[in-house]
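In: need a structure here:
(one chain, ligands or ions: 1)
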Amino acid sequence: MAISRSDSTSLGLISGLSLAAHAIKSNALDGAGSQWRALKQDKLFCIFLAGSTASFAGLAAREYLQLRAQRAEERRLALLRQGTAAAHDSKTAGKKKKRVDTGKDFWKQLVFLLRIAVPSASGRGAQLLAAQFFLLVMRTLISVKTAKLSVYYLTTAMSKGSWTHWTRWLSNFAAWTVMGTTVNTGLKYFESLIALEVRDKVTKHAHAKYLGNSNKFYRAALMQRGALDNVDQRIVADIEAWSANVAQLYGHSFKPILEFSMSLYEASKELGYARPVALFATQTLFTIFMRTAVPSLGAMVVKEQALEGSFRHAHSRLVGHAEEVAFLQGAPTERKILDENLKTLTGAKGWHNLMRARNSIAEQFAKFQGIFIGGVFVHIPFLVRNNLGEAERIASFRSTEELMLKCGSNFVELILLGKSLNELSGYTQRIHELLTALEDCSGERERAGAGAQEGGSRAQQIVFTGLCVDTPEPDGTSRTLLKDLDLQMVAGKNVLVTGPNGCGKTSLFRVLAGLWPPAAGTVLCPQSELMWLPQRPYLVMGTLRDQVAYPMLLGYSKLHDRAILECLEMVGLTKLVEADVGLDLTQMEWNDVLSGGERQRIGFARLYFHKPLFAVLDEATSAINPDEEHRLYEKVQSLGTTVFSIAHRLELRKFHQWELRIEGDGSGKWELEPL
Ligand SMILES: Nc1ncnc2c1ncn2[C@@H]1O[C@H](COP(=O)(O)OP(=O)(O)OP(=O)(O)O)[C@@H](O)[C@H]1O
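Out: Coordinates of the predicted model:
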């Protein structure tokens, strides 16, 4: 099969190209004429071509004009909103857009995330990557060998009419088919396993940061800005897309590298190295030039994911407030809000698709240019070679051409990996931003923690010393709620906190719990001995038992059932314990099946169950009738829990020894009086 290399390369590159140029010059008219004649003979095809081109162009123009109008309207609205949070967002989004590319930052961020995804060289992730690598090498071997042998045998069989060669082709084809199918299936399977493994590791890492000991999820919810907006979207959707992209890129970057090198090696046996090298140098230059014309896919991904997040958030809000909206008959308004969100999302995606089409033109052009130039480089030596029989010439040409085509398409694939990396950079930035922002929250927490320290040996009391509390305004401007508060709270001395709405009653306890950092001063508090009962107690997904034991999750364990039943009895909720299922009773959403008063009673049952030394009762009995309220308070006292209460009802004063009155006039003034 092989022809001597000196034969094939005896024609120099330049002289070969000048021969080709001469041939084109002499036959260009003939080429164009033959195309024209072929078209004229096929009128039906011409009509179809003209019709479909016209309708495509019409549709594309309409889409373009619509999207342009929509973008102009969005820009106008953004200008109107200037100075508001929305304008702030769009400005920061604009800044972000510039930063998304595959530069140095991207590689740093990617390495940072990959270290989380594959933490050790012997772990499951590394094993999967190694297995995938061997499969990739195997597939490349199969594909390169098949290309060369198959084409050679088949072309020889056809040109010589040789059954022997045809049978060789058949057995070769059958053998490689079985192997190829197995390897390709393995590759797909391992790609999905890698994607899952990467997602699992990165998501768990994000969960650990988000839901670690320091209430970062609370800060994330509080500071819904920048990297902490749509945390759910980033953790659920972005990490999933990033993992799938990484797994796909791993396979798709090794494959072209391997296939390119092996095909080039095989083809060089016929063509030498000069032609392929010249070919790929041309292609590199061409592709670099084309890439300057394409937009940044990373920036598009960032924007799209942010809009997806907002759309999802709008839906979640409706689910969370379904009852209020239904009472207010707000469905048409909510629909408008959701449709507006959808419109912004589809508008942005539509525009991006148009930009991607530009990208695709550049890509397709690069591919066809590769095939064209590749073809010319391979065609010339065989066109001028006279020392081969017809069958031999065709067989050698076809098998070499096949290899060079493989080389070419892999080379283009390799260069176009830039596109996939560009898309990946969008997800990478969003996830990296989130993890870094969660890391930064620690600073806040440390500052908060500096205020709300564990009491140590003084664990039987809560002490505020020179405490100042400011609101954490997202734009950096804050208001003073409390100034220089000195208060020592000892066991058995309950404090009633009063003041006008918004004066900072709850905020004082946010600082006490370490959720907000104090503006100045310190708080000493036995955190593990403090419990908070809000107006709307949180109900966890789980059994009735879990509602009482929260934050302990007992599930179906009956270990504490007696105590839990007693607590439910004390708050008058034994009716919830159904005869057949008992405390195993589970509801999809407890908030939907319990009334406001029942929810507050669950809160008290929880308090009785845990018996903390201190508790903050923040309007915790607002939905309970006064008689019951008294009994609940008496029980709290008898269990030895000292309380801070925020309450407006005068009847509750008798359960407290002190009143802390906050002025709420912006001066931060307060008064402490015995009751
Ligand atoms: N996350 C926040 N970011 C910025 N400001 C906040 C935040 N949470 C509360 N505030 C502001 O802090 C002030 C005090 O709020 P706080 O909840 O402590 O009021 P309150 O005295 O408990 O009021 P009420 O009696 O109505 O429950 C309010 O003006 C409120 O707008």
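In: Where does pLDDT dip in the stretch 51-200 of the chain?
Out: Scanning the stretch 51-200 of the chain for pLDDT under 70 picks out 78, 80-102.
In: In this protein, where is pLDDT below threshold?
Out: In the chain, residues with pLDDT under 70: 1-13, 78, 80-102, 213-215, 220-228, 270-271, 290-295, 386, 441-459, 473-477.
In: could you show me where the strands are in it, in order?
Out: Secondary structure of the chain (DSSP state E): strands located at 452-453, 461-470, 480-490, 495-498, 520-524, 530-533, 542-543, 586-587, 614-618, 642-646, 658-662, 670-674.
In: Can you give the strand pairings for the longest one, parallel or anti for each?
Out: Paired with strand 480-490 in the same sheet, following DSSP bridges, are strand 461-470 (antiparallel).
In: Just want the angle from the strand it pairs with to strand 670-674.
Out: 150 degrees (axes from the mean of the first three to the mean of the last three C-alpha atoms, to 10 degrees).
In: for strand 461-470, which positions count as buried?
Out: For strand 461-470, burial by neighbour count (16 or more other C-beta atoms under 10 Å) applies to Gln461, Ile462, Val463, Phe464, Thr465, Leu467, Cys468, Val469, Asp470. In short, each C-beta sits where N, CA and C put it, glycine included.
In: Kindly reformat the strands of the chain as a markdown table containing distance to Leu17.
Out: Conversion of the strands of the chain to a markdown table gives the following (distance: least, C-beta to C-beta, whole Å):
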| stretch | distance to Leu17 |
| --- | --- |
| strand 452-453 | 78 |
| strand 461-470 | 76 |
| strand 480-490 | 80 |
| strand 495-498 | 89 |
| strand 520-524 | 80 |
| strand 530-533 | 81 |
| strand 542-543 | 76 |
| strand 586-587 | 77 |
| strand 614-618 | 84 |
| strand 642-646 | 87 |
| strand 658-662 | 88 |
| strand 670-674 | 90 |
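In: wait, which of those strands is closest to Arg115?
Out: Set against Arg115 and scored by C-beta to C-beta, the strands of the chain come closest in strand 452-453, at 33.4 Å.
In: all helices in the stretch 451-600 of the chain, in order from the N-terminus.
Out: 505-512, 544-549, 561-570, 590-593, 596-610 (DSSP state H, counting those that start in this stretch).
In: Tell me which of those lies nearest to Arg124.
Out: Closest approach to Arg124 among the helices of the stretch 451-600 of the chain (C-beta to C-beta): helix 544-549, 32.3 Å.
In: Keeping just the C-alphas, turn that closest one into PDB.
Out: The C-alpha coordinates for helix 544-549 follow below in PDB (Å, rounded to 0.1, in the frame of the first residue of the first chain):
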ATOM      1  CA  LEU A 544     -44.800  16.200  63.800                       C
ATOM      2  CA  ARG A 545     -42.100  15.000  66.100                       C
ATOM      3  CA  ASP A 546     -39.500  17.000  64.200                       C
ATOM      4  CA  GLN A 547     -41.600  20.200  64.500                       C
ATOM      5  CA  VAL A 548     -41.300  20.000  68.300                       C
ATOM      6  CA  ALA A 549     -37.700  18.700  68.400                       C
END
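In: list the contacts for the residue nearest the centre of the chain?
Out: Centroid-nearest residue in the chain: Asp238, 0.9 Å away (criterion: C-alpha atoms, centre = their mean). Residues in contact with Asp238 (C-beta atoms under 8 Å, 6 or more residues apart in numbering) are Gln305, Tyr427, Arg430, Ile431, Leu434.
In: Nearest to the ligand among those?
Out: Nearest to the ligand among the contacts of Asp238, counting by C-beta to the nearest ligand atom, is Leu434 at 19.9 Å.
In: What is the burial count for the closest one?
Out: As a burial measure, Leu434 scores 25 neighbours (other C-beta atoms under 10 Å).
In: Could you provide the contacts of Asp238 in a markdown table, with additional columns for distance to the ligand?
Out: As requested, the contacts of Asp238 are arranged in a markdown table below (distance: C-beta to the nearest ligand atom, whole Å):
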| residue | distance to the ligand |
| --- | --- |
| Gln305 | 25 |
| Tyr427 | 29 |
| Arg430 | 24 |
| Ile431 | 25 |
| Leu434 | 20 |
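In: Among these, name the ones in helices.
Out: In helices, judged by DSSP state H, the following of the contacts of Asp238 are found: Gln305, Tyr427, Arg430, Ile431, Leu434.
In: So which bits of this protein are right by the ligand?
Out: Selection of the chain residues close to the ligand by C-beta under 6 Å from any ligand atom yields 222, 471-473, 481, 499, 501-507.
In: quick one: which of those residues is most hemmed in?
Out: Leu481 (27 neighbours).
In: In contact with Phe112, which residues?
Out: By C-beta under 8 Å, 6+ apart, Phe112 lies in contact with His432, Leu435.
In: And the residue in the stretch 351-500 of the chain that the ligand sits nearest to, its phi and psi?
Out: Nearest residue of the stretch 351-500 of the chain to the ligand (C-beta to the nearest ligand atom) works out as Thr471 at 3.9 Å. The phi and psi values for Thr471, taken as degrees, to the nearest 10, are phi -80, psi 140.
In: So it sits against Gly502, correct?
Out: No - with contacts defined as C-beta atoms under 8 Å, Thr471 does not count as touching Gly502, sitting 9.4 Å away.
In: ok, longest helix in this protein?
Out: Criterion DSSP H: the longest helix present in the chain is helix 331-384.
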